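>>> Build me a structure from this.
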Amino acid sequence: MRKLSSFVLIFLFFILEIIAMENRPYHHLPDGTFRNPEGSPERDSNVKWSYKIFNEERKKVKIQIPEDHVVPRTKVLENLKNNQNSDYVAWIGHATFLIKLGDTTIITDPVFSKNTGPLIFGPKRYIPPAINLDEIPPVNLFLLTHNHYDHQDMSTIRNFPYKKSKVILPLKLGKYFRNYQDVNELDWYQEIQVNKDIKVTLISLFTLIS
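All right, here's what the predicted structure looks like:
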């Protein structure tokens, strides 16, 4: 009788697991990890990556920054002040943008560190951010697209001056925002209504604001 009960329990567990797998979105795997959505390009198994070759090729690249490429920091601060009552998009560097829509100021993937990597390691940026972290205007909405070092900058996250802002990010990244008050993890294609004028939709690695 005991063997029969064990068999029934195992059978029920197996059936429930099958049902759970059928109801699970395609990009969710049973072990809790993720895969790309159906129809995504597949990585070529013949491509071999070598840090040695990468480093050799990197040294061959000569980066020359034109003098007029960088807007003086004082000019950036002046522009932000002059447009504080207008809608604008301000590029701070790499994927970091300040976007003002009505009464909402958004920052995307803020990276203000000198390098992208753990601690002091990782590639250094060629150009400093347009302004310093402590000079950004008050932010209402913090958008993080993914957790690569050049997008999820832990030093910036720890020292971010507006921790009361609403944070929207992909699944399993909320643990890095423990000192923030309003952290929202979204799955692919999920939406969140920020206010009457702004809705955010998470689309793969990119965030759509509408």
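>>> State the number of residues packed around residue 30.
9 (other Cβ atoms under 10 Å). C-betas here are computed from N, CA, C, even on glycine.
>>> Need the pLDDT of it.
Model confidence at residue 30, expressed as pLDDT, equals 85.
>>> Likewise for residue 7?
For residue 7, the predicted pLDDT is 48.
>>> So for the helix or strand hosting residue 58, mean pLDDT?
Using DSSP states H and E, residue 58 sits in helix 51-60. Mean pLDDT, computed over helix 51-60, is 85.
>>> Helices of the protein, residue ranges please.
When assigned using DSSP state H, the helices of the chain occupy the ranges 2-23, 51-60, 73-82, 154-159.
>>> Grab the CA positions of the helix holding residue 58 and hand them over as CSV.
Taking Å, rounded to 0.1, in the frame of the first residue of the first chain, the C-alpha atoms of helix 51-60 are listed here in CSV:
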residue,chain,number,x,y,z
TYR,A,51,40.9,36.6,-25.5
LYS,A,52,44.4,36.6,-26.9
ILE,A,53,43.1,37.3,-30.4
PHE,A,54,40.6,39.9,-29.1
ASN,A,55,43.3,41.7,-27.2
GLU,A,56,45.6,41.7,-30.2
GLU,A,57,42.9,43.1,-32.5
ARG,A,58,41.8,45.7,-29.9
LYS,A,59,45.4,47.1,-29.8
LYS,A,60,45.2,47.7,-33.6
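>>> Give me the helices and strands touching that helix, please.
Taking 3 or more Cβ pairs under 8 Å, 6 or more residues apart in numbering; DSSP states H and E as contact, there are no helices or strands that helix 51-60 lies on.
>>> Distance from it to the middle of the chain?
27 Å (Cα atoms, centre = their mean, to the nearest Å).
>>> Low-confidence regions, the chain specifically.
1-23, 204-210 (pLDDT under 70).
>>> Show me the strands in it, by range?
For the chain, the strands defined by DSSP state E occupy 88-93, 96-101, 104-108, 141-143, 166-170, 182-186, 191-193, 199-203, 206-209.
>>> now those in TSV, with mean neighbour count and distance to residue 150?
Supplementary listing: these in TSV, determined by neighbours: other Cβ atoms under 10 Å; distance: least, Cβ to Cβ, whole Å:
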stretch	mean neighbour count	distance to residue 150
strand 88-93	16	10
strand 96-101	19	10
strand 104-108	21	12
strand 141-143	22	15
strand 166-170	22	15
strand 182-186	16	21
strand 191-193	12	25
strand 199-203	17	19
strand 206-209	14	15
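>>> could those go into TSV alongside distance to residue 127?
Formatted as TSV, the strands of the chain follow (distance: least, Cβ to Cβ, whole Å):
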stretch	distance to residue 127
strand 88-93	6
strand 96-101	12
strand 104-108	18
strand 141-143	22
strand 166-170	26
strand 182-186	30
strand 191-193	33
strand 199-203	28
strand 206-209	23
